[in-house]
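*Asks:* Take this sequence and fold it.
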Amino acid sequence: MSALRQVRGWLAAKRRFQFCLTVVMVAALTAACGALLMVPNSVLPKIRAVVPGSDTSALNASDPQVAKLHQLMDSYGKVVAEPVATGAGKVGIVLGHPARQNDIDILSSELASATLAVSSLWGTDWSQAPVVVVASGPAEFAALTNSTDLVPAEVAASTVSDAFHPGTRPTGQRVVFGPEAGRRLGAEGLKSVLRHELTHIAARAVTVDGSPQWMLEGFAEYSAHRGAHRPIADIAPALTTRARSGNLPADLPADALFEPASGEAAAAYEQAWSACAFIADRFGEPKLVTLYRQLATGPKDQPATETLLRQTLGTDYRTFLTDWRSWITSRTTEGA
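*Replies:* Residues are numbered from 1 along each chain as shown. Purely as a prediction, here's the structure:
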């Protein structure tokens, strides 16, 4: 009997030891998890998916476009893929190569806020799961944009979509940054261009090719700089310099001026931005969005534009130009 009591005592002691050990381990793990939750995000390692070229199924099984882009980009080197939660259950992604890691990091850190900013202006009737790509060189840029006409030295980024009929949902949309975009633009420039290009993606479904460039590009530029609270001299330096010398735009910029070969592309973009900023300031952002939707339905001659300005803003064309120029003068002389 004494032996039996000894065995029972030993078993009871063992169970007490195991129970105590379990309690200690649970307490230690709980403390460790609590400490981890208190560590700032900047201290934690960033999760990054580096795809070696062949194993892309896990990231791309639900998105044929991303899988296709991976396959195309594989021939230019190892692919870095950074998924980004953009809100409302949507996930965007930034793709590139290790040599452009800095640009990839800047764009992925900005993608969620840029998507939200565009939606707050345009509305949520677009994918809100953007695909952004950073090319490694001119050849890859041409392959990703399906164009040999775009020169990365002249175009920092381009928005691409598959062919589609107006009124249907565009597919294959992506923003493609050139290989030197980060070096040329810097971090703030990359962020502004990202918002500009995402605005084109958001509005693409209602935008017909050949619509007035002053509205298409001016609206995207307005979206890019909206809420930045930067002086006009920073956003539109050429326009500011000209306005301070009394050289104000005689008219809204013609489509041809937006081409790099015109030599006036930078000025045209700045004038277009100022026209849209003036409309938003004087008539309100909802009116600006409405006017975009009306002007983006195809080519417009001046009489058609005059009619839409009168219907939407309640002003005639000449008065619009006069008030716009006065707005430029007042903004460019502030603090001069």
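
*Asks:* Now find how far off-centre stretch 260-269 is within its chain.
*Replies:* Put simply, stretch 260-269 sits 23 Å off its chain's centre (CA atoms, centre = their mean, to the nearest Å).

*Asks:* Residues contacting it, please?
*Replies:* Here stretch 260-269 makes contact (CB atoms under 8 Å, 6 or more residues apart in numbering) with 151, 154-155, 213-214, 217-218, 221, 238-239, 242, 253, 256-259. All C-beta atoms are positioned from the backbone trio N, CA, C, and that covers glycine.

*Asks:* Going along the chain, name the strands of the stretch 51-200 of the chain.
*Replies:* In the stretch 51-200 of the chain, the strands defined using DSSP state E, counting those that start in this stretch lie at 79-87, 90-96, 131-134, 157-160, 174-177.

*Asks:* Distance to Trp273 and mean pLDDT added to those strands, as a markdown table?
*Replies:* Converted to a markdown table, the strands of the stretch 51-200 of the chain look like this (distance: least, CB to CB, whole Å; pLDDT from 0 to 100):
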| stretch | distance to Trp273 | mean pLDDT |
| --- | --- | --- |
| strand 79-87 | 25 | 96 |
| strand 90-96 | 25 | 97 |
| strand 131-134 | 22 | 98 |
| strand 157-160 | 17 | 95 |
| strand 174-177 | 19 | 98 |
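
*Asks:* In TSV: those, plus distance to Gly246.
*Replies:* Converted to TSV, the strands of the stretch 51-200 of the chain look like this (distance: least, CB to CB, whole Å):
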stretch	distance to Gly246
strand 79-87	45
strand 90-96	44
strand 131-134	41
strand 157-160	34
strand 174-177	38
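
*Asks:* can you tell which of those strands is closest to Arg310?
*Replies:* strand 157-160 (31.1 Å; CB to CB).

*Asks:* Distance from the chain centre to that closest one, please.
*Replies:* 11 Å.

*Asks:* try stretch 311-322
*Replies:* Stretch 311-322 has its C-alpha centroid displaced from the chain centroid by 32 Å (CA atoms, centre = their mean).

*Asks:* swap in stretch 270-279?
*Replies:* For stretch 270-279, the distance to the chain centre is 20 Å (CA atoms, centre = their mean).

*Asks:* quick thing: my sequence starts at 581, can you match it?
*Replies:* All right, first residue 581 from here; so that's stretch 850-859.

*Asks:* could you dump stretch 901-916 to PDB, C-alpha only?
*Replies:* Below are the C-alpha coordinates for stretch 901-916, written out as PDB (Å, rounded to 0.1, in the frame of the first residue of the first chain):
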ATOM      1  CA  LEU A 901     -12.200  83.500 -69.000                       C
ATOM      2  CA  THR A 902     -12.200  87.000 -67.400                       C
ATOM      3  CA  ASP A 903     -13.000  85.600 -63.900                       C
ATOM      4  CA  TRP A 904     -10.400  82.800 -64.300                       C
ATOM      5  CA  ARG A 905      -7.700  85.300 -65.200                       C
ATOM      6  CA  SER A 906      -8.600  87.500 -62.200                       C
ATOM      7  CA  TRP A 907      -8.400  84.400 -60.000                       C
ATOM      8  CA  ILE A 908      -4.900  83.700 -61.300                       C
ATOM      9  CA  THR A 909      -3.800  87.300 -60.700                       C
ATOM     10  CA  SER A 910      -5.100  87.300 -57.200                       C
ATOM     11  CA  ARG A 911      -3.400  84.000 -56.300                       C
ATOM     12  CA  THR A 912      -0.100  84.700 -58.000                       C
ATOM     13  CA  THR A 913       0.300  88.200 -56.400                       C
ATOM     14  CA  GLU A 914      -0.400  87.000 -52.800                       C
ATOM     15  CA  GLY A 915       2.900  87.200 -50.900                       C
ATOM     16  CA  ALA A 916       4.800  88.200 -54.100                       C
END
